[in-house]
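Engineer: The following block contains a protein sequence and its predicted model.
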Amino acid sequence: ADKGLLPAQHIVDTGYLSAGQRVQAQHDFGLDLVGPARVDSSWQAKAGKGFAMDAFTIDWDAQHVTCPMGVHSSSWSPATDGGTPVVKVKFSATDCQACPHRSDCVGPIATRRIMTFKTRDEYIALQAARQRQTTPEFRSLYALRAGVEGTISQGVRAFDLRRSRYFGQAKTHLQHVATAAAMNLVRLVHWILGDTPARTRRSHFSRLVRAQAAS
């Protein structure tokens, strides 16, 4: 930012994509963080049949939430969760117990729906990111990161990129330039020979987990 070299978009992995980081990057730098957002980890979302958070309608100005059955929440309380500002919302136990979908919404034991979600800007940013990552445009854009990661992996594994053979920044820079040129030549030869890029390596354990999940 100090050098005026900020990109319009920064393609990163999920570790750099909290809702707060998205909002801060946009607010402080006008920067769009691009990457896969964390999915809803609630049991309702995992079950696929309950009422997950995105099934509810939030009225930020009126400070209430409406469930899929049209019932409004009974309380709205700003709070903190691990030092992070959040909003805690509760529905009336009377309304929830009379609902025919109660077990799918609150579970077999709870008497009413209680939810915690992020503040307005962060919640909207997270929902927008989750929606965007379902589009073909996002998949095409994020594929650029796979190319970057593949280039780094090739440089480290095949060209010993993390080790400098010389003392001094100038000589190390020259080594980096030579390494980049060598990588380009190797890739050019593979392209001329018609070699296809290798598939992403997977450990024996990860392949076993996938096989068990498929069966």
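Structural biologist: Yep, it's here. Residues are numbered from 1 along each chain as shown.
Engineer: Tell me which residue of the chain is furthest from the middle?
Structural biologist: Distance from the centre of the chain peaks at Phe167, with 39.8 Å (Cα atoms, centre = their mean).
Engineer: can you tell me which residues contact that residue?
Structural biologist: The contact partners of Phe167, by Cβ atoms under 8 Å, 6 or more residues apart in numbering, come to none. C-beta here means a position set from N, CA and C on the backbone, and glycine is covered the same way.
Engineer: How about the spatially most central residue of the chain: what's its closest non-neighbour residue?
Structural biologist: With distances taken as Cα atoms, centre = their mean, Ala37 lies nearest the centre of the chain, 2.0 Å away. Closest residue to Ala37 apart from its sequence neighbours, by Cβ to Cβ, 6 or more residues apart in numbering: Ala129 at 3.9 Å.
Engineer: Packing partners of the helix or strand containing the one you found?
Structural biologist: Using DSSP states H and E, Ala129 sits in helix 120-132. Counting contacts by 3 or more Cβ pairs under 8 Å, 6 or more residues apart in numbering; DSSP states H and E, helix 120-132 packs against helix 19-29.
Engineer: Check which residues of the helix it packs on are buried.
Structural biologist: Residues of helix 19-29 classed as buried by neighbour count (16 or more other Cβ atoms under 10 Å): 19-20, 22-25.
Engineer: likewise stretch 40-53?
Structural biologist: Under the neighbour-count criterion of 16+ other Cβ under 10 Å, stretch 40-53 has 44, 50-53 buried.
Engineer: Please list the members of those that lie in helices.
Structural biologist: Residues of the buried residues of stretch 40-53 located in helices (DSSP state H): Gln44.
Engineer: which among the buried residues of stretch 40-53 gets closest to Val71?
Structural biologist: Closest approach to Val71 among the buried residues of stretch 40-53 (Cβ to Cβ): Phe51, at 11.1 Å.
Engineer: Skipping adjacent residues, who's closest to that closest one in space?
Structural biologist: Nearest non-adjacent residue to Phe51, counting by Cβ to Cβ, 6+ apart: Cys105, 4.4 Å away.
Engineer: got it, and Thr14?
Structural biologist: That would be Pro36: by Cβ to Cβ, 6+ apart, it lies 5.3 Å from Thr14.
Engineer: I figured the residue nearest to the centre of the chain hits Leu17, correct?
Structural biologist: Yes: here Ala37 reaches Leu17: they are 5.8 Å apart, a contact under Cβ atoms under 8 Å.
Engineer: overlap in contacts of the two?
Structural biologist: Ala129.
Engineer: got the angle for the helix holding Ala129 vs helix 19-29?
Structural biologist: Relative orientation of helix 120-132 versus helix 19-29 (axes from the mean of the first three to the mean of the last three Cα atoms, to 10 degrees): 100 degrees.
Engineer: who does the next helix or strand after helix 120-132 touch, helix- and strand-wise?
Structural biologist: Per DSSP H and E, the first helix or strand lying C-terminal to helix 120-132 is helix 136-159. Secondary-structure packing of helix 136-159 (3+ Cβ pairs under 8 Å, 6+ apart): strand 9-11, strand 32-34, helix 169-193.
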